[in-house]
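A.B. asks: Below are the sequence and a predicted model for it; my questions follow.
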Amino acid sequence: MRTSDEKLQFRKKRVRSKISGSVQRPRLNIYRGHRNIYAQLIDDVLGVTLVSASTLSPELKGKVKSPDTIEGAKAVATLIAKKALEKGLNKVVFDRSGNIYHGRVKAFAEAARAAGLEF
């Protein structure tokens, strides 16, 4: 029987086999940790990170009351959307990293869409 970590890795591999980021449509990767949430815009063709944000970013550090909540996810989503739009990136491919589209992941996606990203 698989452990929960093995199940997550299996789902993550399945999702990543179907999506890929490019210069025109980078991959919006989200990592949901126990205490923080991290997001990156990645160009898979060149293998570089274009934009990144997290609840530990200087722009958000101390401003988010509880970084492991839905409010923290929304704050990170609006920050990464703002940074992406400054670089001229408005269309992305959403990579939920094997996480279920629920709770913090869903709040992140909705806040990113509201801030101007299209996916």
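C.D. replies: Noted; the coordinates are in hand.

A.B. asks: Can you say which helix or strand has the residue nearest the centre of the chain in it?
C.D. replies: Centroid-nearest residue in the chain, with C-alpha atoms, centre = their mean: Ile30, separated by 2.8 Å. Element membership for Ile30, per DSSP states H and E: strand 27-32.

A.B. asks: ok, back up a step: so the residue nearest to the centre of the chain touches Ser97, yeah?
C.D. replies: Yes - shown here, Ile30 and Ser97 form a contact pair, counting by C-beta atoms under 8 Å, at 5.9 Å. Yep, even glycine has a C-beta here, placed from its N, CA and C like the rest.

A.B. asks: which parts of stretch 94-108 are buried?
C.D. replies: Using 16 or more other C-beta atoms under 10 Å as the test for burial, stretch 94-108 gives 94-96, 98-99, 104-105, 107-108.

A.B. asks: And for stretch 77-88?
C.D. replies: Quick answer for stretch 77-88 (16+ other C-beta under 10 Å): 77-81, 83-84.

A.B. asks: Alpha carbons of that stretch, as PDB, please.
C.D. replies: The C-alpha trace of stretch 77-88 is given here as PDB (Å, rounded to 0.1, in the frame of the first residue of the first chain):
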ATOM      1  CA  ALA A  77      -1.700  34.800  -5.800                       C
ATOM      2  CA  THR A  78      -2.300  38.500  -6.100                       C
ATOM      3  CA  LEU A  79       1.500  39.200  -5.500                       C
ATOM      4  CA  ILE A  80       2.600  36.700  -8.200                       C
ATOM      5  CA  ALA A  81      -0.100  38.000 -10.600                       C
ATOM      6  CA  LYS A  82       1.100  41.500 -10.100                       C
ATOM      7  CA  LYS A  83       4.700  40.500 -10.700                       C
ATOM      8  CA  ALA A  84       3.700  38.500 -13.800                       C
ATOM      9  CA  LEU A  85       1.700  41.300 -15.300                       C
ATOM     10  CA  GLU A  86       4.700  43.700 -14.800                       C
ATOM     11  CA  LYS A  87       6.700  41.300 -17.000                       C
ATOM     12  CA  GLY A  88       4.000  41.100 -19.600                       C
END
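
A.B. asks: Give me the contacts around the longest helix that the chain contains.
C.D. replies: As assigned by DSSP state H, the longest helix anywhere in the chain is helix 70-86. Around helix 70-86, the neighbours that count as contacts under C-beta atoms under 8 Å, 6 or more residues apart in numbering are 28, 32, 36-39, 41, 50-55, 57, 59-60, 63-66, 90, 92, 103-105, 107-112, 114-117.
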